[in-house]
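*Asks:* A predicted structure for the sequence below; I have some questions about it.
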Amino acid sequence: MNISRRQFLKYCIGSAASLGLGQSFLSKLTRALAAPGAVPTVIWIDGASCSGCSVALANLIGDCSDYGPTNLEDLLINYINAAFAKTFMSAAGDLAVSSLREAQKNDYILVVEGGVPTAFNGMACTLFSENGVDVTMMDVVSELAQNATAVVCVGTCSSYGGIPASGSNPAGVQSVSEFTGIPTINLPGCPAHPDWVAATIARVLCGESLELDDNDNRPVDLYHRTVHYYCPRRPLYEKGAFATEIGQEGRCFYLLGCRGPYTIADCSARGWNGGFNYCIQANVPCVGCAEKSFPGDELIKR
Ligand code: SF4
Ligand code: SF4
């Protein structure tokens, strides 16, 4: 289904409150969308990841059929002008690679999903081949991060390493900032909430400067309270009404290892699945997927 710029704008306006977009920002976005070519291109690359962040974003757009885009490829290619996004784009092979090469000659925002495998000369993760040569995630990140207007890390893997960097994986996975030494805008979450992604990309496209937290480089308006803070089961925590097994209704999961008190993310206030529910409302503890330590055992007292 094709959508118009007007519909995308309608989606942003309809979702303005949950995306944290104010009136002045929306005016700016209106002007930017009215002048295609005036905003940087988006190049979206995927390294060591499960593509869950892409799937979460695709679900957001799919859920917005009443008031906006229903086709993510259309959104990325025609509205936020993504030159390369291999999970979503229909172009493949040389055509896709030449689109990326063309885009990197001008202003672009680099969006990275997934960590950077550094062992084996990076050969554990090749993104494409060019003139018969395999090009690794390491090669592409090194080259593109240097000249990007901004580097946005979508998900815990690109932000901090996440699951691919954990355990006994021999691929030597690193976060983008660890690998490049370049500061990144981090949107951790496994997956990242699609609202966080949409709002951040829209803001960076419009040249807004984002306030990031000191240690973790996350936008502070999206990441400033713990999951525990707004958890609907917090009164049960205060009363000491604790669950003894997963799936128990009407009980706090603290004694089952809930990481809500140690995890900064707005899931409990924002909700997932169009605000319908989130982990704890689905009767499982928060596993702290938005934290730097995820999926390890280290807990950071908040
Ligand atoms: S379920 Fe988790 S986040 Fe919710 S109140 Fe209990 S400890 Fe806090
Ligand atoms: S509630 Fe916890 S585990 Fe669930 S998405 Fe949010 S941060 Fe991740």
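*Replies:* On my side now, so go ahead. Ligands and ions are numbered 1, 2, ... in the order given.
*Asks:* alpha carbons only for contacts and neighbour counts from here, please
*Replies:* OK.
*Asks:* I'd say Pro117 and Ser49 touch.
*Replies:* No - Pro117 lies out of contact with Ser49 (Cα atoms under 8 Å); the separation is 10.4 Å.
*Asks:* higher neighbour count, these two?
*Replies:* Neighbour count, other Cα atoms under 10 Å: between Pro117 and Ser49, Pro117 has more, with 28 against 21.
*Asks:* Check the gap between that one and ligand 1 for me.
*Replies:* According to Cα to the nearest ligand atom, to the nearest Å, Pro117 and ligand 1 sit 33 Å apart.
*Asks:* confidence score at that residue?
*Replies:* Looking at Pro117, its pLDDT reads 98.
*Asks:* could we number from 38 for the rest of this?
*Replies:* Okay, residue one is now 38; in that scheme the one you just asked about reads as Pro154.
*Asks:* Any figure for the gap between the closest residue to it other than its chain neighbours and ligand 2?
*Replies:* What sits nearest to Pro154 in space, not counting adjacent residues and going by Cα to Cα, 6 or more residues apart in numbering, is Val210, at 4.1 Å. According to Cα to the nearest ligand atom, Val210 stands 21 Å off from ligand 2.
*Asks:* before we move on, what about Asp334?
*Replies:* 14 Å.
*Asks:* Could you give the number of residues near that residue?
*Replies:* When neighbours are counted by other Cα under 10 Å, Asp334 comes out with 8.
*Asks:* Let me know the secondary structure of it.
*Replies:* Using DSSP: H, G, I helix; E, B strand; the rest coil as the criterion, the local structure at Asp334 reads coil.
*Asks:* rewinding a little: the residue nearest to Pro154 against Gly151, yeah?
*Replies:* No - assessed by Cα under 8 Å, Val210 is found out of contact with Gly151, at 9.2 Å.
*Asks:* near ligand 2, which residues of the stretch 238-339 of the chain show up?
*Replies:* Ala302, Cys304, Cys316, Cys323, Val324, Gly325, Cys326, Ala327 (Cα under 6 Å from any ligand atom).
*Asks:* Surely the first one is in contact with His265?
*Replies:* So the one you mean is Ala302. No - under the criterion of Cα under 8 Å, Ala302 is not in contact with His265, lying 9.3 Å apart.
*Asks:* one step back: find the residues that touch each one of Val210 and Gly151.
*Replies:* Ala85, Gly198 (Cα atoms under 8 Å, 6 or more residues apart in numbering).
*Asks:* Look up the closest residue to Tyr274, ignoring the ones flanking it.
*Replies:* Cys289 (5.5 Å).
*Asks:* list the contacts for that neighbour?
*Replies:* Arg270, Arg271, Leu273, Tyr274, Gly277, Ala278, Phe279, Ala280.
*Asks:* That one and Pro322: what is the separation?
*Replies:* For Cys289, the distance to Pro322 (Cα to Cα, to the nearest Å) stands at 8 Å.
*Asks:* can you check Phe331 too?
*Replies:* Taken as Cα to Cα, the span from Phe331 to Pro322 is 14 Å.
*Asks:* Repeat that for Tyr197.
*Replies:* The separation that Tyr197 has from Pro322, given Cα to Cα, amounts to 22 Å.
*Asks:* So for Val210 and Gly151, which sits in the more crowded spot?
*Replies:* Gly151 (31 against 28).
*Asks:* Can you verify my assumption that that one contacts Val189?
*Replies:* No - in this structure, Gly151 is not within contact of Val189 by Cα under 8 Å, at 11.4 Å.
*Asks:* Let me see the ranges of the helices in the chain.
*Replies:* Ranges of helices within the chain are 42-51, 53-56, 60-71, 89-99, 109-111, 130-140, 174-184, 193-197, 213-217, 231-242, 271-276, 304-307, based on DSSP state H.
*Asks:* Which one of those helices has the poorest average confidence?
*Replies:* helix 109-111 (a mean of 51).
*Asks:* Most remote residue from the middle of the protein, which is it?
*Replies:* In the chain, the residue that sits farthest from the middle, by Cα atoms, centre = their mean, is Lys276; the gap is 35.2 Å.
*Asks:* show me what contacts that residue?
*Replies:* Applying Cα under 8 Å, 6+ apart to Lys276 gives no contacts.
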